[in-house]
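A.B. asks: Sequence first, predicted coordinates after that:
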Amino acid sequence: MPEIEALLADLDAESADADRLVAELAPDRWATPTPAAGWTVAHQIGHLLWTDERSLLAATDPEGFGQALEEIANSPDPLRFVDAGAEQLAVLPPEQLLARWRETRAALRAALAAVPPGTRLPWYGPPMSAASMATARIMETWAHGQDLADTFGVTRQPTGRLRHVAHIGVRARDFAYAAHGLDAPIAPFHVRLTGPDGDEWTWGDEHAAQHVTGPALDFCLLVTQRRHRADLAVRAEGDDADRWLDIAQAFAGPPGPGRAPGRFASEGAA
């Protein structure tokens with residue numbers, strides 16, 4: 001299964017990048033606020049742990065995952081279950097939280113590698129393959145790693161792993177419209193991004209009237225809502241493409257508040 005192994009290797013690398021940002025952190029600094037409103041460093045790692053644990057449950061115990069879904073559906077505030085999961089784990093001692101995340105990452109990797117080809121795993125949206133779940137974990141780990149990097153003033157070196165993040169951002173176009181209560185355009189889009197090594201990554205019909213272009217890093221920062229559109233070098237050609245860039249999101253769930261324009265403008269566009 002070369003595809004899943006390559007994806008899991010990229011997930012390992014992305015997780016290690018985020019891990020390095022907190023591995024030597026003094027216990028008191030885990031309470032440092034991050035750019036995500038109301039979330040500390042501990043919340044960020046707690047969220048990654050919670051989502052990895054849920055992914056592991058989906059990969060190893062679909063019935064148990066179904067029961068967890070029912071619990072959420074029956075809760076008084078179903079939309080808040082993600083924040084609640086992060087809050088419950090953020091109170092753990094930092095060394096315990098980090099160790100548990102590392103153990104869960106390793107278990108999830110092994111579980112996804114063992115999923116038979118063609119198997120669809122349950123999730124909070126449509127069921128997905130092991131490869132799609134690994135890709136989603138790369139995207140989310142990269143996004144929350146960006147929150148940590150911004151917290152500590154660290155500039156991360158972009159890598160080819162951004163292609164996974166960009167791919168989800170493109171594929172989630174129609175979901176972004178639905179999340180805002182809008183009908184997605186019928187006309188096709190063409191997306192052309194420049195990767196960190198200067199190569200071009202493309203999606204869609206190159207003859208489409210709606211175009212999006214720019215650095216892959218900027219596009220990924222946009223669709224994960226880690227930067228405001230005004231601070232990025234992503235460009236749209238066509239009214240529909242322009243509207244999409246205002247609402248794009250690569251993550252499931254309701255639209256987030258994103259980042260205020262100018263907050264990271266001193267870094268300039270990627």
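C.D. replies: Sure thing, it's come through. A quick note: this is a predicted structure, and the numbers were derived from the prediction, not measured.

A.B. asks: Would you map the helices across this structure?
C.D. replies: For the chain, helices defined by DSSP state H occupy the ranges 2-22, 41-60, 62-73, 81-90, 94-114, 130-152, 162-171, 173-179, 216-223, 239-247.

A.B. asks: give me the low-pLDDT residue ranges for the chain?
C.D. replies: Along the chain, segments meeting pLDDT under 70 span 1-2, 75-79, 265-270.

A.B. asks: still on that earlier bit, out of the helices of the chain, which is the most enclosed?
C.D. replies: When neighbours are counted by mean count of other Cβ atoms under 10 Å, the highest per-stretch mean among the helices of the chain falls to helix 216-223, a mean of 26. Every residue, glycine included, has its C-beta placed from N, CA and C.

A.B. asks: chain center to that helix: distance?
C.D. replies: Relative to its parent chain, helix 216-223 has a centroid offset of 11 Å by Cα atoms, centre = their mean, to the nearest Å.

A.B. asks: quick one: that helix to helix 130-152, angle?
C.D. replies: Note on geometry: by axes from the mean of the first three to the mean of the last three Cα atoms, to 10 degrees, helix 216-223 and helix 130-152 are set 90 degrees apart in direction.

A.B. asks: Put together TSV for the helices of the chain, with distance to residue 120 on each row.
C.D. replies: TSV is the format used below for the helices of the chain (distance: least, Cβ to Cβ, whole Å):
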stretch	distance to residue 120
helix 2-22	14
helix 41-60	10
helix 62-73	9
helix 81-90	22
helix 94-114	13
helix 130-152	9
helix 162-171	16
helix 173-179	18
helix 216-223	24
helix 239-247	28
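
A.B. asks: Looking at these, spot the one closest to residue 260.
C.D. replies: Closest of the helices of the chain to residue 260 is helix 130-152, at 12.7 Å (criterion: Cβ to Cβ).

A.B. asks: Does anything pack onto the closest one? Which helices or strands?
C.D. replies: Of the remaining helices and strands, those touching helix 130-152 by 3 or more Cβ pairs under 8 Å, 6 or more residues apart in numbering; DSSP states H and E are helix 2-22, helix 41-60, helix 94-114, helix 162-171.

A.B. asks: JSON lines for these, including distance to residue 249?
C.D. replies: Listed next are the helices and strands packed on helix 130-152 as JSON lines, based on distance: least, Cβ to Cβ, whole Å:
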{"stretch": "helix 2-22", "distance to residue 249": "19"}
{"stretch": "helix 41-60", "distance to residue 249": "16"}
{"stretch": "helix 94-114", "distance to residue 249": "24"}
{"stretch": "helix 162-171", "distance to residue 249": "8"}
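
A.B. asks: Of all the helices of the chain, which one is nearest residue 209?
C.D. replies: Nearest of the helices of the chain (Cβ to Cβ): helix 239-247, 8.4 Å.

A.B. asks: ok and the closest one relative to helix 216-223, angle-wise?
C.D. replies: Going by the same axes, to 10 degrees, helix 239-247 is angled at 70 degrees with respect to helix 216-223.

A.B. asks: Would you mind pulling the contact partners of helix 239-247?
C.D. replies: Under the criterion Cβ atoms under 8 Å, 6 or more residues apart in numbering, residues 173, 176-177, 179-180, 182, 185, 187, 189, 210-212, 222, 229, 234, 236, 255 lie in contact with helix 239-247.

A.B. asks: out of everything not next to it in sequence, what's closest to the residue sitting furthest away from the middle of the chain?
C.D. replies: Going by Cα atoms, centre = their mean, the residue of the chain most distant from its centre is residue 207, 29.4 Å out. Once flanking residues are discounted, residue 207 sits nearest to residue 190: 7.6 Å by Cβ to Cβ, 6 or more residues apart in numbering.

A.B. asks: How far does stretch 159-173 sit from its chain's centre?
C.D. replies: Taking Cα atoms, centre = their mean, one finds the center of stretch 159-173 at 9 Å from the center of the full chain.
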